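**Student:** All I have is the shape, not the residue letters:
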């Protein structure tokens, strides 16, 4: 362990010495958020006439569906200014099943960017995910964790929501939904002695994101880039209602997230992400929480070589931990890119991640073995990004209470991909 940290320290010193100085230019080019949104690879939408194709729906891969091909998107202002029609259709070649979504939105207040939407969806989802409704849409060519996920459930749901910008710094959304859940895994939730493999859920969710600060920094090419809302504070409450349209369970879920980003004049940066979630009542495992693990369940280090995630625990195995109370802390420190050649400027990122959680009434969950995070989970490592064509390498080590007996089982070695638009 001591040798591992010594190696990281020595590498950090070498890379710091190799870094290039700040670049000064005579003029600055202002790049606003609106201008950046015009590029399809920065938004994930490609406009074709009155229809914006959703690039996220075109091709995916995961362990359950295999290759998933699809098409989807939204109509734009060229068809209707106040209305949008949208959806997608996708087919998994391994499970040989069709998934789809269809719905419509209407703008009710232009100044507040308020939209009312109604959608129906028939698809699959990873067990144990907790999504903040007001999180900005994130698009990337790779969805890193998707290729490694092993546990999904099927759902069919109706949902209606209204979203609005109460101010440039406050975004809110309210959603009601009813879903029919069918477990793919051999999982049963035990309630009052009755096992549930399929169940119905009725939920109402309120989500708010506050971005109290807008700032800008100078890029390496001398341009000024504005970024919005750091720190970002997200809060969400979900209430499940029993006996509403046949729903089976009562529960409440709370989520709170603090995302703080510091960009310095020497072009180094630090990102701190603190997140907490709590679930009370009768909540099946499908709707509880994990810490976004990203370690494939294979024996050897090289067999686990895959793509590293953005905010995932790289040494935590899929399906290893679930919680109804969970707190995670992630800190990334990016050093200024160092110059090895005129067009070869890799970036070193030092990372540490920690998770703590617990679960009441574990005996109610039958069929899927898992542990709880009642002790502190720790991993630290580094990324060397943008080595060649946006690709880099990532390494992490798992230590502390959940350190595994076999040394190699604590190691994560993956590639990274960063594409600058």
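**Tutor:** That came in fine, so what should we check first? Quantities reported herein were computed from a predicted structural model and do not represent experimental measurements. Residues are numbered from 1 along each chain as shown.

**Student:** What is the least confident helix or strand in this protein?
**Tutor:** Taking mean pLDDT, DSSP states H and E as the measure, strand 30-31 is the helix or strand of the chain with the lowest mean score, a mean of 34.

**Student:** how about low-confidence regions in the stretch 1-150 of the chain?
**Tutor:** 1-43, 136-143 (pLDDT under 70).

**Student:** how about the strands in it?
**Tutor:** 30-31, 45-48, 51-54, 59-62, 66-75, 83-92, 97-109, 114-126 (DSSP state E, counting those that start in this stretch).

**Student:** do the stretch 301-421 of the chain as well
**Tutor:** Using DSSP E, counting those that start in this stretch, strands in the stretch 301-421 of the chain cover 313-317, 325-334, 347-358, 365-366, 377-388, 391-400, 411-417.

**Student:** which one of the ones you listed lies closest to residue 53?
**Tutor:** Nearest to residue 53, of all the strands of the stretch 301-421 of the chain, is strand 411-417, at 21.9 Å by CB to CB. Where you see a C-beta, it was placed from the backbone N, CA and C, and this is true even at glycine.

**Student:** Which secondary structure elements does that closest one sit against?
**Tutor:** strand 293-295, strand 313-317, strand 377-388, strand 391-400 (3 or more CB pairs under 8 Å, 6 or more residues apart in numbering; DSSP states H and E).

**Student:** JSON lines for these, including distance to residue 55, mean neighbour count and mean pLDDT?
**Tutor:** Below are those laid out as JSON lines (distance: least, CB to CB, whole Å; neighbours: other CB atoms under 10 Å; pLDDT from 0 to 100):
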{"stretch": "strand 293-295", "distance to residue 55": "22", "mean neighbour count": "25", "mean pLDDT": "94"}
{"stretch": "strand 313-317", "distance to residue 55": "26", "mean neighbour count": "25", "mean pLDDT": "96"}
{"stretch": "strand 377-388", "distance to residue 55": "22", "mean neighbour count": "20", "mean pLDDT": "94"}
{"stretch": "strand 391-400", "distance to residue 55": "20", "mean neighbour count": "19", "mean pLDDT": "95"}
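
**Student:** quick revisit: columns distance to residue 202 on top of the strands of the stretch 301-421 of the chain, output as TSV?
**Tutor:** Converted to TSV, these look like this (distance: least, CB to CB, whole Å):
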stretch	distance to residue 202
strand 313-317	32
strand 325-334	23
strand 347-358	26
strand 365-366	21
strand 377-388	33
strand 391-400	39
strand 411-417	39
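
**Student:** among those, which is nearest residue 188?
**Tutor:** Taking those one by one with CB to CB, strand 365-366 is closest: 4.6 Å.

**Student:** quick one: strands adjacent to the closest one?
**Tutor:** Paired with strand 365-366 in the same sheet, following DSSP bridges, are strand 188-191 (antiparallel).

**Student:** In CSV: the helices and strands packed on strand 411-417, plus distance to residue 272.
**Tutor:** Below are the helices and strands packed on strand 411-417 laid out as CSV (distance: least, CB to CB, whole Å):
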stretch, distance to residue 272
strand 293-295, 20
strand 313-317, 16
strand 377-388, 15
strand 391-400, 18
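
**Student:** Give me the mean pLDDT for stretch 190-203.
**Tutor:** Throughout stretch 190-203, pLDDT has a mean value of 96.

**Student:** Just give me how far that stretch sits from the chain centre.
**Tutor:** 27 Å (CA atoms, centre = their mean, to the nearest Å).

**Student:** For that stretch, which residues meet the burial criterion?
**Tutor:** 196, 199, 200, 201, 202, 203 (16 or more other CB atoms under 10 Å).
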